[in-house]
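# Show me how the following folds:
(one chain, ligands or ions: 1)
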Amino acid sequence: MAKKEAMNLIQFQKAFQTEEACHRHLMKMKWPDGFCCPKCQHDKAYEITTRKLPLFECVRCRHQTTVIAGTIFEKTRTDLVKWFWAIFLIAHDKRGVSATYLSEELGIAYQTAWTIQHKVRKAMGERDASYTLAGIVELDDAFFGAPTEGGKRGRGTEQTPVLAAVSLDRKGAPQYVKMKVIPNVKGKTLVDFARHHIEPGATISSDAYSSYRKLAEEGYDHQPLEMAAHHDFQRQSLYWRYVPWP
Ligand SMILES: [Zn+2]
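Numbers count the residues shown, from 1 in each chain. Down below sits the predicted model:
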């Protein structure tokens, strides 16, 4: 019995040359038996084609939807052709393509490539452990510890050093977080963490400890922050807000 094989590059290139071809493919995946309204399950819709991608309006309940609603393509401004290529490239390179590579090969902005890469990987169900942070990454060590009985806080021996890395978007808003319990805050520990979780070439902001300076030797662009600014309450609380604590 012939197995359904994955497309090779030539087949892929032929199948998905245009936005229409990609759209048709998504239609077939989403509605194999024809349109089905996500609100009322009616099977007829008006097709409104004034936009880049057709809009479908349910004949019965007037609900409007697109083929990309509720998918990783939702609200994208990037061509589907480029998305499809990104998926092809990511799926075919077991070592993992970098956002820089995608950006150059597809002619899209780095941030766009990075977002696409993360959405695709997430959709492919890759374990979180294999993600790396990219772009501008803030790195900081912190100490976590529950108050001891009787409410006393901060007894050094009962606290655990944790390294937290937060990737920021261009406006400086946090996007993804990596955290790890570490044995110490020595240079080697930081470098090991960075190698596993941060893309080479990323800009790392951290304080100016010599431990962190080792990162520059590893090919990261290291920008020391002012100590005072780095440790203010706002900045610390940022980690707490965005970390899903188990
Ligand atoms: Zn409907």
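# quick one, what contacts the closest residue to Leu26 other than its chain neighbours?
Nearest residue to Leu26, sequence neighbours excluded (Cβ to Cβ, 6 or more residues apart in numbering): Val67, at 4.6 Å. Quick note: C-beta positions are derived from backbone N, CA and C, even for glycine. By Cβ atoms under 8 Å, 6 or more residues apart in numbering, the contact set of Val67 is His23, Leu26, Met27, Lys30, Trp31, Leu53, Pro54, Phe56.
# cutoff 10 Å now
Contacts for Val67 (Cβ atoms under 10 Å, 6 or more residues apart in numbering) come out as 22-31, 35, 53-56, 73, 80.
# which among those end up buried?
By neighbour count, with 16 or more other Cβ atoms under 10 Å, those hold Cys22, His23, Leu26, Lys30, Phe35, Leu53, Pro54, Leu55, Phe56, Phe73, Leu80 as buried.
# show me where pLDDT drops low in this protein?
1-6, 94, 125-162, 169-177, 185, 201, 207-212, 222-246 (pLDDT under 70).
# State the helix or strand in which the residue nearest to Leu26 lies.
Using DSSP states H and E, Val67 maps to neither a helix nor a strand.
# how near is it to the ion?
Val67 is 15 Å from the ion, where distance means Cβ to the ion, to the nearest Å.
# State the distance from that residue to Thr100.
30 Å (Cβ to Cβ, to the nearest Å).
# likewise Gly107?
13 Å.
# Comparing these two, which residue is more hemmed in?
More crowded of Gly107 and Thr100, by other Cβ atoms under 10 Å: Thr100, with 16 against 10.
# Am I right that that one falls within a helix?
Yes. Thr100 forms part of a helix when assessed by DSSP: H, G, I helix; E, B strand; the rest coil.
# Arg62 against Leu55, yeah?
No. Assessed by Cβ atoms under 10 Å, Arg62 is found out of contact with Leu55, at 11.8 Å.
# Name the residues contacting each of the two.
What both Arg62 and Leu55 touch, as defined by Cβ under 10 Å, 6+ apart, is the set Ala45, Tyr46.
# Now do the domain split for this protein, please.
Here the domain parsing of the chain from automatic domain parsing is 10-17+75-128, 136-144+159-242.
# And the buried ones among the contacts of Val67, which is closest to Lys44?
Of all these, Lys44 sits closest to Phe35, with 6.8 Å by Cβ to Cβ.
# how deep is the residue nearest to that closest one when sequence neighbours are not counted tucked in, by neighbour count?
Nearest residue to Phe35, sequence neighbours excluded (Cβ to Cβ, 6+ apart): Ala45, at 4.8 Å. Number of residues near Ala45 (other Cβ under 10 Å) recorded here: 22.
# Could you do the one 4 residues further on as well?
Other residues within reach of Thr49, judged by other Cβ under 10 Å, total 8.
# my read: it touches Leu55, true?
Yes. Using Cβ under 10 Å, Thr49 is in contact with Leu55, at 7.8 Å.
# residues in this structure within reach of the ion, list them.
Residues of the chain found near the ion (Cβ under 5 Å from the ion) are Cys37, Lys39, Cys40, His42, Cys58, Arg60, Cys61, His63.
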